[in-house]
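**Student:** Generate coordinates for the sequence data below:
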Amino acid sequence: MIIYVDLYVIINFFIDLLLLLGLDRLLKRNGKLGRIIISSLIGSLFCVGLFYVKNNYLLIIVKLVISILMIIISFGYKSFKYFRDNLVWFYIISIVLGGSLYLVSNSFKEFKINIIILLLISPLIIYKYVRENKCYKLEYSNYMNVSICYKDGFISELGFLDTGNNLRDPFFNRPIIIADKSLFKGNLRTFLVPYKTISGDSFLEVFRPKKVIIEGNCKNVLIGLSKVDINGIKILLNREII
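**Tutor:** Next up is the predicted model:
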C-alpha cells in the first residue's frame, strides 16, 4: 500500500482542527485559534511516527500521549476536571466523526466517494453534532428528579422546570410547584391560594408536604394540585426554587 506522507499530514491536520474547534464550541472553552492550529499541526506531524510503532499496546499509549499534548496546547491545564472533560469529549467527538464517515462511505458503496468528499462532509457532521448536543443539554437541563413526602405516602417523579410558573403562597411567600392530583392518595389537608390567569382570578388547591427534595436538595415549597400531564411529566417546578 502506498501512503503519501504529505497528504496524510494534511488530512490529519484538517481532522484534528475540526475536532478541536468542535470541542471548543461544545464546551465553550474560548480557546485561541492560533493555539488550536499549532496543536493540530503538532498532532498531525506526530501521527507520522505511529507507522514506526509495531506494538499495539504501545501504539495506544502513544496516541493517548499525543491527544493529551494536543488538549493541553489548545486549552491549557486549569484543573484536573477541566482537563479530563476536554480529553473525554475530544474522544467522543472523534468517535462520532469517525463512525459517521464510516457509515457514509459504506452507505454509498455504489458511488465513488473519495477522501475529498468525506473531508467536505466532516465539518457538517461536527457542526450538526455540536448543535444537537447543545440543544439536548438545554432541553433536558430543565428536567429534575423530585421526591415528595406527604401524610399518606411518598412519590418520586421527574419534574419539569416551568419558567412561567412563579406562583407563591401569599401568606408565607413560599414557592408553589404544581403536581397532578392523581399522584397523591389519601386525604390531604388543603387550602386555597388565589392566583391570576389570562381569563381572570382563580383559586388553586394547595397543601404543605412533609418534605420535598429536588435533585438532592430539600426545598421549602408548597404543592399545588391541578391536572398536569405534559408528555408524561406530572410535576411543574417553580422557577424560583433554582
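
**Student:** Following element in sequence after the longest strand seen in the chain, please.
**Tutor:** Taking DSSP state E as the criterion, the chain has its longest strand at strand 153-162. For strand 153-162, the following helix or strand on the C-terminal side (DSSP states H and E) is strand 176-180.

**Student:** which other helices and strands contact that next one?
**Tutor:** With contacts defined as 3 or more C-beta pairs under 8 Å, 6 or more residues apart in numbering; DSSP states H and E, strand 176-180 has these neighbours: strand 153-162, strand 200-207, strand 222-226, strand 235-238. In short, each C-beta sits where N, CA and C put it, glycine included.

**Student:** quick one: average pLDDT of it?
**Tutor:** Across strand 176-180, pLDDT averages out at 93.

**Student:** and F90, what is it in contact with?
**Tutor:** F90 is in contact with L19, L20, L23, S67, M70, I71, counting by C-beta atoms under 8 Å, 6 or more residues apart in numbering.

**Student:** switch to 7 Å and redo it
**Tutor:** F90 makes contacts with L19, L23, S67, I71, as judged by C-beta atoms under 7 Å, 6 or more residues apart in numbering.

**Student:** neighbouring contacts of the helix or strand containing the third one?
**Tutor:** What that stands for is S67. Per DSSP H and E: S67 is located in helix 56-75. Helix 56-75 is contacted by residues 16, 20, 29, 31, 35-36, 38-39, 42-43, 46, 50, 53, 83, 86-87, 90 when judged by C-beta under 7 Å, 6+ apart.

**Student:** Of all the residues in it, which ones are buried?
**Tutor:** V62, I66, S67, M70, I71, I73, S74, F75 (16 or more other C-beta atoms under 10 Å).

**Student:** Report the two of the residues you listed separated the most.
**Tutor:** Across the buried residues of helix 56-75, no pair lies farther apart than V62 and F75, at 21.1 Å, counting by C-beta to C-beta.

**Student:** Could you say which helix or strand holds the residue most central in space within the chain?
**Tutor:** The structure's the chain has its C-alpha centroid closest to K137; by C-alpha atoms, centre = their mean the separation is 3.6 Å. K137 is part of helix 115-140, with elements assigned from DSSP H and E.

**Student:** Okay, buried residues for that helix please.
**Tutor:** L118, I121, S122, I125, I126, Y129, V130, N133.

**Student:** which residues sit in contact with the fifth one?
**Tutor:** So that's I126. L18, G22, I93, L97 are the contacts of I126 under C-beta under 7 Å, 6+ apart.

**Student:** quick check: angle from the longest helix seen in the chain to helix 115-140?
**Tutor:** Determined from DSSP state H, the single longest helix within the chain is helix 80-107. Put simply, helix 80-107 runs at 130 degrees to helix 115-140, going by axes from the mean of the first three to the mean of the last three C-alpha atoms, to 10 degrees.
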